[in-house]
Structure formats: C-alpha cells, structure tokens
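>>> Dropping the sequence and predicted coords here.
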Amino acid sequence: MKFRIVSLCLLFAFRVGISQNIDSLLLKLYQESNDRSRIEILLNISSFYDQHDRNFIQAENYLYEALQIAQTAGDNTLLANTYNELGKFYRNQSKYPEALKYHHLADSLAVKMGDCILQATTLNNIGVVYRRLDNHAQASEYHLRALNIAEGCKDTFNISVACNSLGNIFSLNGRYQQALSYFNRALALSISQNNLLGQAMNFNNIGEVYEFMGDYRNAKYYYTKSLDINFKLKNLKGISINYNALGKIEMFNGNPENAYRLFQNALDIDRKLGDKKFLADSYVNLAKACLALKKIDKAKIYLDSTITIAQQIGSPWHLQSAYEAYSDYFVQKSDYLSALLSYKNASRFKDSLLNEKNARHLSTIQTIYETEKKEKEISYLLQEQALKQKELEKNNAQKNALIIGLVLSSLVVIVSLFAWRTKVKSNIVLSDQIKEIEDKNRLLEIQKEEIEQQKIKIESNQAFIEQKNKNLEEAHKIIESYIENITDSIRYAEKIHESIQPSLSDMLSIFLDAFIYSKPKDIVSGDFCWLTRRDNLVFLALADCTGHGVPGAFMSTIGINILNQAINEQHLYSPDKILTFINRTLINRLNKSTGEQVLKNSMDIAVCTFDTESLLLSYSGALIPIFIQKGNSVEEVKPDSITLGTNFSHSASGFSLQNIQLNHGDWIYLSSDGFFDQLGGESRKKFTRKQFMQIVADSPNMKGNVKVDIIEKKFLQWMNRTPQLDDVLVWGFQV
C-alpha cells in the first residue's frame, strides 16, 4: 500500500510541473533564431509530451518540425541526432520498423562523418530495438560493434550502455557469469561518471541475474537498491520495472497477495506511460498472481490483454509467458486438451527464442569480438617488433659505417679504442632489445593458447546446447503423441455428432432446395441443426450451445435429445410450447433441485414448424432470428431476447409465436451468431447480420449449392488471417 501511495504522489508531482516546463520551452522557442538551439528546444518539448504528458501526436509533430529544420540547415550532426530521437520515439511506441529506419539513417550519417561517438550511440540504439524484438543474435551483434567502436574512442558512456545491454542478452540466454561480468563493468563506469540512472539500471539487471540463478535474497537486495535510486530520480519507468521484479520475488517466496499489489502498482504506472512492452510485462505478471490466488476469470482477462499487445509489438517472449500461464489456467479449469495446446504454443515461442542457431550465433559473435580484441593487441606487438627490428638494422648500418670510416681515415689507436667501446655498448643495447622481443614472442604464444582454450570452451557449450535441444525434442514428441490421441478421439466424436443431425439429402427429400454450411471452431461444434416430420408438419431447429469443441458438442447432444423428447413423448407441436419445454428441462438438468446454478451453460435456438400443404411457417426463437427471402427482398424475423437454461420466470410467461405465410420459391435462412460476430475486414469489425442479409439479397435465383459457396467465400475473405472466434452454422431451404 505504501508503494502505491508513493507512486500516485509521483504521478501527481509530474503533472504539476509539466505545464510550467512546456510554457517556458515554448517561450524560448519563440525567442530563439539559431537552428541548433531551436532543434534542441523542439526535442525537449517533444520529450515532455512523450514521457510526461503522453500526448504522442504532439510529440511526433515537434520531432518532425525539428527534422525539417535540420534538413534545411544541411547540418549532418543535427540531422543524425534528430533521426536518433525519432528512432527512440518510435521504439517507445513499439513501432520497431520505423525505429530501425531512422536509426539506420543516423548510422549512415555517422559513418559518413567519421564520428565514432555518434556511431557507437546509433549502433547501441539499433541493438536496443532488436533486443525488444527478442532477436538476441542481431542485438548482440550491434551492441558488440558499438562496444568495439566506443572502446576505440574511449567513449565511456556508450561502453556502459553496450555492456548493460549485452549483460541483459547473456542473462536471458542463461550465461549468467558473462552477464554479471558485463553488468559489473557497466556499473563501475556508471559510478565513476556519477550516473545515477545507469546505476539504477545495472542494480536492477544484476538482481535479475540472481533471480534467474535462484538466489532470491540477493535478487531482492539489488532490486531494492535500484528502486531507492529510481524514487530519488522520480524515474517512473524504472519504478515500474522494479515493482514487477520485486513482485516476482514475492511470487517465488509464496506470497502471491504481496506480488499482486506490486504488479498492480506497476500497471498503474505503465498505463500512464503507455509503453506497450512494459504493459505486457505487468499484465502477464498480474495473470500469474491471479492464477496463484485462484482468481482464474481475472487471470484470463490479463492473459488476453498480454497476447493482444504481444502480437501488436511482435514479442515472442511475452507470447511464450502468456501461453505458459494459459496452460496453468486451463489445468485449473480441468480442460487438459486446451492446456496441452497452450503448452505447445509456449514451447513453439520458446524454441524461437532459445534455438541452437541463436545460441551458436551469440557465442560466435562474442568469440569474434574477443578474438578481434586479441588480434589488435597482437598486431600492436608485431608493429612494435617491426619498429625495433628496423632500429636494430639502422644501428648495424651505422656501426659498419663507423668501422669503415675508422679504417679508411687511419685514425689513431685512441679513436679505435673509443670506437671499440662504442661497439660494446651497442651490443649490450642490442642484446637487451633481442631479449625484449623474445619476451613479447612468448607473450604472443600465451595469448594464442588462451584463444585455443576459448575455442574448446565454445565447442563444449555447443555440445551442452545440443543435448538440451535433444531433450526438448523428446518432450515435444511425447506431447505431440498425447495431442494426436486426443485429436483422434475428438474426430471420432465428430462423426457421431454429424450422424445425429440431418443430412443435406434429408432436407432435399422435403424441400425444393437446401444447403448447410458448417465450420466448427475446434473440430466438433456446439452448434447443431435438427429436423423431423409428422405427416404434413415439418419440425426444424437450429441452436447455438454454450462453448465450442467437446463441451459444446455434449451440450448439442443434450439439446437434440430434448427436442426429440418434446415431439415424441410430450407431443408438443407448437414452437413456443417446445421452447418452454426445452427451457424448463435444461434448467432441471443443469442445476440442483434447490435451484442453485451449478453449470453456466445455456442455449440460443430457433424452432420452426412448416405445413407442407398450406405453406404456413410458425416460428419461436431465443436469441436466434430467421431470415425470409421473397425474390430480392430479405426480412429478418426477430427472436425473444432470452437464452434457454438460465431463467425460470420466462418459462412461466411463455415465448412469443410468429406465423408467416410463405409462397412457393421462398427461401428461409437460419444462422448461429458465430457467423455475424466474426471479426475481420480491414478494421477488424464484426461481420453483422446486415452484411449477411445483403449476401442473401444478391443471390435470389441461385441454387443452394451456389449460395453456400458464396457464403463460405465471403466469410473466409472477411476472416482473412483473423482467428475464428466461434462455431459457425448456416442453414437455408426453399419451399
């Protein structure tokens, strides 16, 4: 509770100062004429709107105004910095293709200008984008390039940034000692620069490594140190990250109530900041806490939110976490088939994150970086050795020239003696130089051995990864075997389910023309149709039961049984009486004798009787309408707004009965709501009954087999790549 109050106070304090800062900056912008100063002010205004006011449209407008000034001024440094700011803005919006576009534009300018600090900054920015896309191989490649360049120009800030990001990548890939090495190097640089934000980030990251290693005491210690600094800095994003991290520690320590409160605090901040990646973190953590607290309905809401955001930003890590939690959710609901399918989805995304190729690529890049570093040192030593050798040759030449000069000039013995002493001294110097070269050669041999040992270590790591992958493949085969057995059983159930429903030939034996379009969501369906005949009176129904898959199929079997009972045993021939009987029977079967509801199951249904002599159609419906087509005209006959199996009172008041006089050639259509409610199209909206009626109106004189092809084609085009949401059943017949 204390943390939540502090978080709310921080949010309030940020809002108070924003308007004053914006007004001050706008005044400076109005007064300033220098291009460089105007761009800096515009970038600061954009930052305020982005990070504090969350007015992303305004933030984007000011960024593009800065870009226009930079392009007009023709200053490549200003232009590159503006490109980088645009890239960071789109990264925070989880618009990663746009972010990469502008960072690469900045990198091209940095290379063109030969600005190593700007190039290291830009490469680090590109690496961060790939890290948020969970593409660790690409991310590590760019961060190592940034580190190499930053070390060359002694850019300690970008060295710290690169080490911090590389530590995160190695931590997520289970290489904890290397991760700690990078984090400790980044932390030391942050402390030397008095960079509090960098210290907070590195304390949090070190805590995460200890969490992954199962050392929760040390993890909590470092997370708390990071939180203390973030509170001092009023760094809301950092506080949100710390809350989520401390919440996970509470979960590991068996305190889901405390974890839930911390995750909720993080979500409050993330909703304010609007960063989708961190929103997804908070949603999936809250879902896991709810599952631990047995609040499974609430957990499902958070999991659905996680998956929606993860699909938007393309995050395999969040999809893996969400499907793992969904597996636990379905286990708690005793839906083991869905639990297995969710686990399989989680494994698929986990494989995309931790496959052998990524691990090998990561090791290779690290080795290349270390090897290049060693090669630079070796190259430096070889160059130094070459200089010494040239100096030695020069000294020898001078010595020989001196001896020849002494001989030719016939100098006196004293001069010869002096020359001899000079020669002795030169030999001593040469001996020392030779010894120094030999020492450096030995150093090169030692470094060569170290490189060989590193290669052996890499090969050992590859063998370990291959064994892990083999174990995962075996587990995957076992799961697929279970799924195959379950799927075979469900497909057999599908054949049974189809056998108790009317076929197209049954319908054509009664009506002039007919069609059936059935598209279950999960092999078997909760939607069903029913047909029987007594002399000149035809009874027919279409129903949509709660759920889909196996549970829906069981409900549809119960529905068909009750319909047969209404006609054969109760001798009810009026649709409204039949609905009343179904409603009462469902309530009695699905609930205890005390009236307490034990199963949240229900049924939407349309029931009709058709007199083949008088062509009179009688209809009663519970949430399912019928559509009547006379030529080009299509009319909807609306049902009662009540579902069967949940309301005792409606059984007493009765259902409405509607009689419609038909003519030869008229078409009657019935459909479950799975067709109308399917999301799709460019705007991901519902298909709607209006569109369905238009399809029917456009095909008045077509045969049933043509109509069903048109309906199926329109439905599949509408869905496109959108997942099917519910079972679909459409039934049409011509009198």
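Perfect, thanks for sending it. Quick caveat: nothing in here was measured; it's all calculated off a predicted structure.
>>> CA only for contacts and neighbour counts going forward, please
Will do.
>>> shaky segments in the stretch 51-200 of the chain?
Within the stretch 51-200 of the chain, the stretches with pLDDT under 70 are 51-54.
>>> hey, where'd the helices end up in it?
56-73, 76-92, 96-113, 116-132, 136-152, 156-172, 176-192, 196-212 (DSSP state H, counting those that start in this stretch).
>>> okay, and for the stretch 351-500 of the chain, where does confidence drop off?
In the predicted model of the stretch 351-500 of the chain, residues 351-398, 400-407, 409-420, 424, 426, 475, 478-479, 481-483, 485-498 satisfy pLDDT under 70.
>>> which SS class is Tyr573?
coil (DSSP: H, G, I helix; E, B strand; the rest coil).
>>> May I ask which helix or strand encompasses the closest residue to it other than its chain neighbours?
The spatial neighbour of Tyr573 that comes closest, neighbours along the chain excluded (C-alpha to C-alpha, 6 or more residues apart in numbering), is Ile567 at 6.7 Å. Counting by DSSP states H and E, the secondary-structure element that holds Ile567 is helix 549-568.
>>> before we move on, what about Gly254?
Remark: Gly254 resides in no helix or strand, with elements defined by DSSP H and E.
>>> That one: neighbour count?
Around Gly254 there are 12 other residues, counting by other C-alpha atoms under 10 Å.
>>> Over to Asp535?
Using other C-alpha under 10 Å, Asp535 is surrounded by 7 other residues.
>>> What confidence value was assigned to it?
You'll see Asp535 listed with a pLDDT of 92.
>>> wait, what's in contact with Glu32?
If a contact means C-alpha atoms under 8 Å, 6 or more residues apart in numbering, then Glu32 has Arg38 as its contacts.
>>> Check the spacing between it and Ile69 real quick.
To Ile69, Glu32 is 13 Å away according to C-alpha to C-alpha, to the nearest Å.
>>> what's the angle between the very next helix or strand once past the helix holding Ile567 and helix 549-568?
Remark: after helix 549-568, the chain's next helix or strand is helix 575-590, criterion DSSP H and E. Here helix 575-590 runs at an angle of 130 degrees relative to helix 549-568 (axes from the mean of the first three to the mean of the last three C-alpha atoms, to 10 degrees).
>>> What mean pLDDT does helix 575-590 get?
In this model, helix 575-590 carries a mean pLDDT of 93.
>>> Please identify which of the helices of the stretch 51-200 of the chain is closest to Lys457.
Within the helices of the stretch 51-200 of the chain, the stretch nearest Lys457 is helix 176-192; the backing value is 13.3 Å (C-alpha to C-alpha).
>>> any idea how far the closest one is from the chain center?
When distances are taken as C-alpha atoms, centre = their mean, to the nearest Å, helix 176-192 is centred 28 Å away from the chain's centroid.
>>> Could you tell me the angle between that helix and helix 156-172?
If you take the same axes, to 10 degrees, helix 176-192 sits at 150 degrees to helix 156-172.
>>> who's in contact with helix 176-192?
Contacting residues not belonging to helix 176-192 are listed as 156-157, 159-161, 163-164, 166-171, 196, 198-199, 202-203, 205-206, 209, 213 [C-alpha under 8 Å, 6+ apart].
>>> of the residues you listed, buried ones?
In the contacts of helix 176-192, burial by neighbour count holds for 156-157, 159-161, 163-164, 166-171, 196, 198-199, 202-203, 205-206, 209, counting by 16 or more other C-alpha atoms under 10 Å.
>>> I'd like the helices of the stretch 51-200 of the chain laid out as TSV, including distance to Leu729.
Listed next are the helices of the stretch 51-200 of the chain as TSV, based on distance: least, C-alpha to C-alpha, whole Å:
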stretch	distance to Leu729
helix 56-73	44
helix 76-92	43
helix 96-113	40
helix 116-132	42
helix 136-152	45
helix 156-172	46
helix 176-192	54
helix 196-212	49
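>>> Mind splitting this protein into its structural domains?
For the chain, whose domains are defined here by automatic domain parsing, the residue ranges read 378-473, 501-734.
>>> With respect to Asn235, which of those domains lies nearest?
Once the domains of the chain are compared by C-alpha to C-alpha, domain 501-734 is nearest, at 36.6 Å.
>>> who's in contact with Pro256?
Under the criterion of C-alpha under 8 Å, 6+ apart, the contact list for Pro256 reads 250, 289-290, 292-293.
>>> ranking these by neighbours, who comes first?
Ala289 (26 neighbours).
>>> now the host helix or strand of that residue and helix 76-92, what's the angle there?
Ala289 is located in helix 276-292, with elements delineated by DSSP H and E. An angle of 20 degrees separates the directions of helix 276-292 and helix 76-92 when computed by the same axes, to 10 degrees.
>>> which parts of helix 276-292 are buried?
Neighbour-count burial for helix 276-292, counted by 16+ other C-alpha under 10 Å, picks out 276-292.
>>> same check, this time on stretch 309-318
The neighbour-count check on stretch 309-318 (16+ other C-alpha under 10 Å) flags 309-310, 313-318 as buried.
>>> Ok, stretch 528-538 next?
Of the residues in stretch 528-538, those with enough neighbours to count as buried (16+ other C-alpha under 10 Å) are 528-532, 537-538.
>>> wait, which of these is closest to Gln734?
The shortest gap between Gln734 and any of these belongs to Val538, at 13.3 Å (C-alpha to C-alpha).
>>> In three-state terms, label the closest one for me.
Reducing the assignment at Val538 to three states with three-state DSSP gives strand.
>>> Neighbours of the closest residue in space to it that isn't next to it in sequence, how many?
Sequence neighbours aside, Phe610 is the residue nearest to Val538 in space, at 5.0 Å (criterion: C-alpha to C-alpha, 6+ apart). Neighbour count for Phe610, taken as other C-alpha under 10 Å: 22.
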